[in-house]
Each structure stands twice: as C-alpha cells, then as structure tokens.
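Need a 3D model of the following:
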Amino acid sequence: GDPHHYRIELMAKQVRELFGFVPDNLDDYVMASQISQAEAFKFHIEYFRARKWRTTGIIWWNLMDGWPQFSDAVVDYYFDKKLAYHYIKVSQQHVCIIVKEAVDANGVLAGIPGKDGVPLAEAEGSAVKTFNDIIVSNDTREAWQLEYEISEAQSGRIVLKGEGCAAPDCNTCLGRVSLGGGPAGPNFAEPAFYVIKWKAFGKGMAGRSSGDTAVLKSSTGEADSAKAVISTVQDAAVINGINHYITGIPSIIEKSEDELRKVFGQYKAWLTGYMEEVRRILP
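Below you'll find the model as predicted:
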C-alpha cells in the first residue's frame, strides 16, 4: 500500500482538533483542512514573533510540493496557493500587530483545562479576569507611528482603537484587552473572529515612499528618544496592514455536531470577507 496513506487520517485528526468534527463532503473537508493548516502556521509564527530576542528565526520546511500529494506544503504541485500561504504572508508583515494568547493576572496562559475539563482557574475558585496583550512586532530598523483598530467581524463592534509607536527592530506593547472574558480563557468563549487593521507612518522602506510630508508625534506628544519618534519626515511612507485573531475555536465546551457545523459555517463566512480585505490591503 501507499506508505503515505497515514497523512489522510492525520489531516482528519487536525480538522477534528480544530472544529470538533470532520466534514462529510469534499469541498468542506478541503476548506477545513486548509483552515486548520493556516491557523497552525499563523499561531507558531506569531508566537515566535511575540517572543522576539528570546526566540528568533523560523526555518520553513516544504514550501512547495514536488509531486501531487497530501502534505504540509503551502503551495501545491500545480502552483496553487493554499490558505496557509496567505496567512503566512499576513503574519510575516515587516510591521505586524499581533494579539497574544490570553493570560491571567499572573501571566499564566488561560484556558488550560484541568480535571474533567474544568479550567484550572475555575477549579481553584479564582475569579481573575483574563486579558490579551496587543503588541506590534517591528522587524525594520526604523520607527513607525501607528493608527490601529480591532473589530469583531460579525457585528463590526470596535473593541480597541488607538495610536502608538513601533520602536525599531523590537516588539512594543500597544495595550491590553479581554477577548474571551473571565478566567476560562478564549477557548471557552463564544466563537468570534476579530479583524486587526492599521496604518504605519514612517520614513519608509525602498519602494514604499508616498512622496508626502508627514509630521509625526509620539502618543504622549513628546519627543521620546527611546521610541525613536520621527518628526517632519520628507517622503514619508504609509504601510497598511491587516491581521486577525479568533476565540472559541477550538472549543473546549462540549457542543453538539449541529453546533460545531454552525461554528464552521460562521468561520467560512468570516473568512470570505476577511480574505477580500487581505487581498486588497496586501496585493
């Protein structure tokens, strides 16, 4: 038999891990498998970037297939790009706003199930609220002034909006928000898809100059050398960026298969609008 047949069951296992069931039609199965791969790549890239200078560098394996097969490549043998290709492109923007995983007040990762699936925080009787740090990871050697907004895709509700500065070649915390609420953490929350958009203003990299003059200030309005704030920049560049963050997927709360299928349908609907924006902002 085919020595690689195990990959089919491995793919089904990964789909089941994320959505709680395996679709029974080919189109949804393909979509679910690509979402599973894309979210996994996104998680690992952003986890590493959020730990910049503690963990740095990722070596990619199997960018493209050399023959038709089930694999973890992000471009198939026929040069078709999988969803993961686009998620990687988003997560590897030079200036990228990232929502870190929810933690409790002590900085402990939230949503870890304890005995009988009860979150550890609840099992210990804790009422500590969880929160997510919002960071900007800047892999360029210049500072960027930022305008950003995080909104919930389903309702359009804005959960965080502000301005900040991305210091050169490091991570900067822009703020803190609770996306999931309570000690249970995001995997116990209702499914939600959050879209992060931003504009970054700076001196600019090659080929990104807007030709405009910009006067930029720090969030405090003061010249802060630690933030390498730019002022009165000729030929200022403007970079538009986009990213996303999900809660409630995978769900640790027990759900019926009909409920799980509904969540998968919601993700597909969110994904359609989101990818239109990704293609517009990151052509």
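
Just the helices from the chain, written as ranges.
Taking DSSP state H as the criterion, the chain carries its helices at 6-19, 26-50, 83-91, 120-123, 257-281.

most neighbours per residue, which of the ones you listed?
A comparison of these by mean neighbour count, using mean count of other CB atoms under 10 Å, puts helix 83-91 on top with a mean of 20. All C-beta atoms are positioned from the backbone trio N, CA, C, and that covers glycine.

between that helix and helix 26-50, how big is the angle?
Angle of helix 83-91 versus helix 26-50, following axes from the mean of the first three to the mean of the last three CA atoms, to 10 degrees, is 30 degrees.

Would you convert the helices of the chain into a markdown table that also reports mean pLDDT?
Shown next, in a markdown table, are the helices of the chain (pLDDT from 0 to 100):
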| stretch | mean pLDDT |
| --- | --- |
| helix 6-19 | 89 |
| helix 26-50 | 96 |
| helix 83-91 | 97 |
| helix 120-123 | 47 |
| helix 257-281 | 96 |
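
any chance of these in JSON lines, with distance to Ala192 too?
Putting the helices of the chain into JSON lines (distance: least, CB to CB, whole Å) gives the following:
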{"stretch": "helix 6-19", "distance to Ala192": "15"}
{"stretch": "helix 26-50", "distance to Ala192": "14"}
{"stretch": "helix 83-91", "distance to Ala192": "18"}
{"stretch": "helix 120-123", "distance to Ala192": "20"}
{"stretch": "helix 257-281", "distance to Ala192": "9"}
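
among these, which is nearest Ser155?
Among the helices of the chain, the nearest to Ser155 by CB to CB is helix 257-281 (11.4 Å).

Distance from that closest one to the middle of the chain?
14 Å (CA atoms, centre = their mean, to the nearest Å).

Next: stretch 33-47.
Taking CA atoms, centre = their mean, the mean C-alpha location of stretch 33-47 is offset from the chain mean by 8 Å.

Now tell me which helix or strand of this protein has the poorest mean pLDDT.
Sorted by mean pLDDT, DSSP states H and E, the helices and strands of the chain end with strand 209-214, the least confident at a mean of 32.

still on that earlier bit, among the helices of the chain, which is nearest Val136?
helix 26-50 (10.1 Å).

who touches the closest residue to Tyr194 other than its chain neighbours in this structure?
Spatial nearest neighbour of Tyr194, excluding adjacent residues (CB to CB, 6 or more residues apart in numbering): Tyr245 at 4.6 Å. Residues near Tyr245 by CB atoms under 8 Å, 6 or more residues apart in numbering: Val99, Asn132, Ile150, Leu179, Phe193, Tyr194, Ile196.

Could you provide the residues you listed in JSON lines, with additional columns for distance to Leu271, pLDDT and neighbour count?
Below are those laid out as JSON lines (distance: CB to CB, whole Å; pLDDT from 0 to 100; neighbours: other CB atoms under 10 Å):
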{"residue": "Val99", "distance to Leu271": "17", "pLDDT": "96", "neighbour count": "23"}
{"residue": "Asn132", "distance to Leu271": "21", "pLDDT": "92", "neighbour count": "25"}
{"residue": "Ile150", "distance to Leu271": "18", "pLDDT": "97", "neighbour count": "26"}
{"residue": "Leu179", "distance to Leu271": "18", "pLDDT": "86", "neighbour count": "24"}
{"residue": "Phe193", "distance to Leu271": "8", "pLDDT": "96", "neighbour count": "21"}
{"residue": "Tyr194", "distance to Leu271": "13", "pLDDT": "96", "neighbour count": "22"}
{"residue": "Ile196", "distance to Leu271": "15", "pLDDT": "98", "neighbour count": "20"}
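
ok, so of these, who is nearest Ala166?
For these, the nearest to Ala166 is Ile196 (13.7 Å; CB to CB).

returning to that earlier point: can you list which of the contacts of Tyr245 are found in strands?
Per DSSP state E, strands hold the following members of the contacts of Tyr245: Val99, Asn132, Ile150, Phe193, Tyr194, Ile196.

Can you tell me which of the contacts of Tyr245 is closest to Glu9?
Phe193 (28.4 Å).

Thanks a lot, see you next time.
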